[in-house]
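Asks: What shape does this take:
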Amino acid sequence: MNIEIIAGSPRENSVTHRVALFLKKILTERTSHTVNIIDVREWELPLLQNVFVSVDATPEEFKPLSTRMFNAHAFILATPEYNGTYTSAMKNLLDHYPKQSHKAFGIVTASPGMMGGIRATQQMQLLINALFGIASPHMLVVGGVDKKFDADGNLLDEAFQKNVDVFIREFLWLAESLHPESVLN
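Replies: Numbers count the residues shown, from 1 in each chain. This is a model prediction of the structure:
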């Protein structure tokens, strides 16, 4: 199965990206799935003019991104909270693609604050519904992210591992249930 983690923070020193790095590492170690990170900072997508309906219909500079988006079986959306919601950079990226029918989505929010971006989770659930995706009800909300993960994506707070394990177990159950033919044994 191809899993794309979309790291949605456009900030240069994103603390949310730390969680994306950790999730990629742990999913790669524990499963045989292909796991990659789509970092919104690496793609200078213009404001939406046209939906990329296929790889062939995508402008040349975005074809590598489109190939990954169309080949993904499941997504993990990782975002900080900006004014009670996810980032506009993540929204702009997702708006460039058609509906993601029957694909599993994991929700991850992160913030240096105690609430960990909890209000953004509500907005992301609405977004996933609009994309015709299926959201895992087990979300990973990371308050104090700068104290839980270092800049290289290493877990600093071992007590938080249980939260990560529950998120991953439930996300994988959903993704593998929706796409059993893509599970490698």
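Asks: so how many other residues sit close to the nearest residue to residue 86 once chain neighbours are set aside?
Replies: Spatial nearest neighbour of residue 86, excluding adjacent residues (CB to CB, 6 or more residues apart in numbering): residue 79 at 4.2 Å. C-beta: built from backbone N, CA, C; applies to glycine. Residue 79: 30 surrounding residues under other CB atoms under 10 Å.
Asks: can you pull the pLDDT of residue 79?
Replies: Per-residue pLDDT puts residue 79 at 97.
Asks: ok, which stretches of the protein are helices?
Replies: For the chain, applying DSSP state H gives helices covering 16-30, 63-71, 88-95, 118-130, 145-148, 161-178.
Asks: For stretch 124-144, buried residues please.
Replies: Across stretch 124-144, burial judged by 16 or more other CB atoms under 10 Å covers 124, 127-128, 131, 133-136, 138-144.
Asks: gap between that stretch and the chain center?
Replies: Distance, stretch centre to chain centre, for stretch 124-144: 9 Å (CA atoms, centre = their mean, to the nearest Å).
Asks: Tell me the span between the first and last residue of that stretch.
Replies: Its start and end residues considered, stretch 124-144 measures 20 Å (CA to CA, to the nearest Å).
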